[in-house]
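Asker: How does the following fold in three dimensions:
(one chain, ligands or ions: 2)
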Amino acid sequence: MKQTSKIINQAKKEGRKALLEPEAKLICMDYGIPVTKFKVAQNETQAAQYADEIGYPVVLKIVSPDVIHKSDAGGVVINLKTAQDVQNAYRKILENVKKYKADAKIVGILVQEMAPQSTETIVGAIKDPQFGQTLMFGLGGIFVELLKDVNFRVAPITADDAKEMITQLKAYPLLKGFRNSPPADINALVDILLNTSKLVMDNPEIKELDLNPVLAYQSGAKTVDARIILE
Ligand code: ADP
Ligand code: MG
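Answerer: Ligands and ions are numbered 1, 2, ... in the order given. The predicted structure is shown next:
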């Protein structure tokens, strides 16, 4: 795949295990996994210009090899509606990250399309020492953290496996459509799981992959955050 091996080799050369969000998203794009539109800005003016190009509202995020959990560092600001908002958020993120880790290396600030709110799902992969690449699917927030309502399958998976990973969740009724939440596009989620399976099978040096969250819509689904850790 065109960008994937280049990105992985570059990270290896720099001795980095954790890929940056834009790198992980470029790899997702290689495998047909839908992600939010993004660009990496180097200054406030450029950030505002990229936001104009992408269209408001936008989200700004820190891009740094020293910040893996971006929100913990005050490195994510969502729902920016004007160029002025973008410039203010740009400064605020740099300020927050400096407080979090004074010597953090800053690659830039990610400007990305703000995806409409919807049911948050999680697609993951881990390389199990015994079974090899293993996929995970669940719903975001308390469903994963508190209820541990997640399903695993050893990769490569079939479309039937992917469908089961989704429909066998205890929280599946939420995806099927519940009260005022409309039904999610299950086929779009199946496609993401199948493409993620291919991604990790093609790239055995991936130790962990975390698409968290993947927003599930009535039509389609979109990855708003992606993390990939190499061996
Ligand atoms: P972290 O590194 O802290 O996991 P995320 O990129 O996941 O950072 O951002 C934190 C939260 O902000 C996400 O869980 C999601 O709810 C929201 N978010 C991030 N990016 C977007 C986006 N492009 N559109 C909508 N919501 C977003
Ligand atoms: Mg996240």
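Asker: okay, CA-based contacts and neighbour counts for the rest of this
Answerer: Noted.
Asker: Next, the buried residues of the worst-scoring helix or strand of the chain on mean pLDDT.
Answerer: Scoring the helices and strands of the chain by mean pLDDT, DSSP states H and E places helix 142-145 at the bottom, with a mean of 76. Residues of helix 142-145 classed as buried by neighbour count (16 or more other C-alpha atoms under 10 Å): residue 143.
Asker: swap in stretch 54-67?
Answerer: Residues of stretch 54-67 classed as buried under the neighbour-count rule (16+ other C-alpha under 10 Å) are 54, 56-67.
Asker: One more: stretch 219-231?
Answerer: 221-230.
Asker: and which of those residues is nearest ligand 2?
Answerer: residue 225 (5.0 Å; C-alpha to the ion).
Asker: give the contact list for residue 52.
Answerer: The contact partners of residue 52, taken as C-alpha atoms under 8 Å, 6 or more residues apart in numbering, are residue 83.
Asker: That one and residue 78, how far apart?
Answerer: 15 Å (C-alpha to C-alpha, to the nearest Å).
Asker: re earlier: excluding its own residues, what touches the least confident helix or strand of the chain? List them.
Answerer: 138, 149-150, 171.
Asker: Spell out which parts of the chain neighbour ligand 2.
Answerer: Proximity of the chain to ligand 2 (C-alpha under 5 Å from the ion) is limited to residues 212, 225.
Asker: what distance separates the start and the end of stretch 99-108?
Answerer: 17 Å.
Asker: which parts of it are buried?
Answerer: For stretch 99-108, using 16+ other C-alpha under 10 Å, the buried residues are 106, 108.
Asker: Now do the same for that stretch: mean pLDDT, whole number.
Answerer: On average, the pLDDT along stretch 99-108 is 97.
Asker: any bit of that stretch sitting next to ligand 1?
Answerer: No. For a cut-off given as C-alpha under 6 Å from any ligand atom, stretch 99-108 has no contacts with ligand 1; the smallest distance is 13.4 Å.
Asker: so where's this structure uncertain?
Answerer: 1 (pLDDT under 70).
Asker: So which residues of the protein form helices?
Answerer: Along the chain, the stretches classed as helices by DSSP state H are 4-13, 21-30, 44-54, 83-100, 142-145, 159-167, 172-176, 186-202.
Asker: nearest to residue 130, of the ones you listed?
Answerer: Between residue 130 and the helices of the chain, the shortest gap by C-alpha to C-alpha is with helix 186-202, which sits at 14.9 Å.
Asker: Would you mind listing the outside residues contacting that closest one?
Answerer: Against helix 186-202 from outside (C-alpha under 8 Å, 6+ apart): 28, 31-34, 123, 125, 133, 135, 155-159, 162-163, 166, 175, 206, 216, 219-221.
Asker: hmm, the least confident helix or strand of the chain touching ligand 1?
Answerer: No. Counting by C-alpha under 6 Å from any ligand atom, ligand 1 has no neighbours in helix 142-145; the shortest distance is 12.5 Å.
Asker: measure the residue lying farthest from the centre of the chain to residue 173 for me?
Answerer: The centre of the chain is farthest from one residue, residue 179, which by C-alpha atoms, centre = their mean lies 27.6 Å away. For residue 179, the distance to residue 173 (C-alpha to C-alpha) stands at 10 Å.
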